[in-house]
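Visitor: fold the following.
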Amino acid sequence: MRTTLSDLKRWHSEQQPIAVMTCYDASFARVLEESAVDVLLIGDSLGMVLQGHPSPNPVTLEDVAYHTRCVVRGSQRCFILADMPFGTSQISPQETFRNAAVLIQTGAQMVKIEGGLEMVETVRFLSDRGIPVCAHIGMTPQSHHQYGGFKVQGRDSLRADQIVESALALEAAGASIILMECIPRVLAERVCAEVQVPTIGIGASPACSGQVLVLYDVIGLSAAPLSKLAKDYSSVPGGIAGMVRTYVKEVKNRVFPNDQHCY
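Guide: I've put the predicted structure just below:
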């Protein structure tokens, strides 16, 4: 039986850490599921790790829909979370709903949308109409041109307060999960203390309800040098399954992330 949003909420309330990993095809979906990953994220990171682009922005809705179908066919238990690519959610709530519905119809159980306060009405529109939303705040990779690169967000007090305000507003609008990327550990812990929904961190804090990493970083197949938030498990014995199981164990035991992988 496939994991549900109710399961994720229960694990959060019971303080059972949630292991999330990106996944893009049926074969890896099977391996990750057998290695006890809880949530498979069909991330727009596929643009960089599969398609060779320098950013996720060229990824299309059709790309994510195709890879979501593959992941769904390769798994039976994992919760399925799909990214809304660049340009598919930064529009009207009505158009975003139509795009999100495409991903839900492929088998996704939730969509992930980047952005803060500007996305509140869109999140409310979707959640009111039965589409669960994971709100992605902090460093949002689709906005890397605006940031001048993939940079840590929330280092100054004004921006930190804006991120906390965004988290609370998105939760109030119906976001079921808050994902925080590349923000200072103390800020991530502030958000965790103030919101009631599960939180997922990447370059954030071990205090988050769960952690996510890019599959290709975990297994040592990334072409570029790893950023601080990632961890290469390729030296772990047991092949890919051994690497993934070690990542899951470290998340569950709150060993990962440590100070080395937080900001």
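Visitor: list the buried residues in stretch 63-80.
Guide: Residues 63-65, 67-72, 74-75, 78-80 are the ones in stretch 63-80 that count as buried (16 or more other CB atoms under 10 Å). (Glycine included, C-beta is placed from N, CA and C.)
Visitor: and the residues you listed as TSV, adding distance to residue 110, secondary structure and pLDDT?
Guide: Converted to TSV, the buried residues of stretch 63-80 look like this (distance: CB to CB, whole Å; DSSP: H, G, I helix; E, B strand; the rest coil; pLDDT from 0 to 100):
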residue	distance to residue 110	secondary structure	pLDDT
63	18	helix	98
64	13	helix	98
65	15	helix	98
67	15	helix	98
68	11	helix	98
69	16	helix	98
70	18	helix	98
71	13	helix	98
72	13	helix	98
74	18	coil	98
75	15	coil	98
78	12	coil	98
79	7	strand	98
80	8	strand	99
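Visitor: quick one: residues in contact with whatever helix or strand residue 82 lives in.
Guide: Residue 82 is located in strand 79-83, with elements delineated by DSSP states H and E. By CB atoms under 8 Å, 6 or more residues apart in numbering, the residues outside strand 79-83 that reach it are 2-5, 7-8, 20, 38-44, 56, 59, 64-65, 68, 71-72, 103, 106-112, 134.
Visitor: of the residues you listed, which belong to helices?
Guide: Secondary structure assignment by DSSP state H places 5, 7-8, 64-65, 68, 71-72, 103, 106 of the contacts of strand 79-83 in helices.
Visitor: of the residues you listed, closest to residue 208?
Guide: Nearest to residue 208 among the ones in helices among the contacts of strand 79-83: residue 8, at 12.6 Å, using CB to CB.
Visitor: and the strands in the stretch 151-263 of the chain, which stretches?
Guide: With DSSP state E, counting those that start in this stretch as the criterion, the stretch 151-263 of the chain has strands at 177-181, 199-202, 210-213.
Visitor: chain center to the longest one, what's the gap?
Guide: Relative to its parent chain, strand 177-181 has a centroid offset of 7 Å by CA atoms, centre = their mean, to the nearest Å.
Visitor: touching it from outside, list them.
Guide: Contacts with strand 177-181, where a contact means CB under 8 Å, 6+ apart, come from 8, 110, 112, 133-141, 163, 167, 170-171, 188, 191, 195, 197-204, 208, 212, 229.
Visitor: then stretch 236-251?
Guide: The contact list for stretch 236-251 (CB under 8 Å, 6+ apart) reads 17-19, 21, 31-32, 34-37, 210-211, 213, 218-220, 231, 233-234, 255-256.
Visitor: quick check: buried residues in it?
Guide: Buried residues in stretch 236-251 (16+ other CB under 10 Å): 236, 240, 243-248, 250-251.
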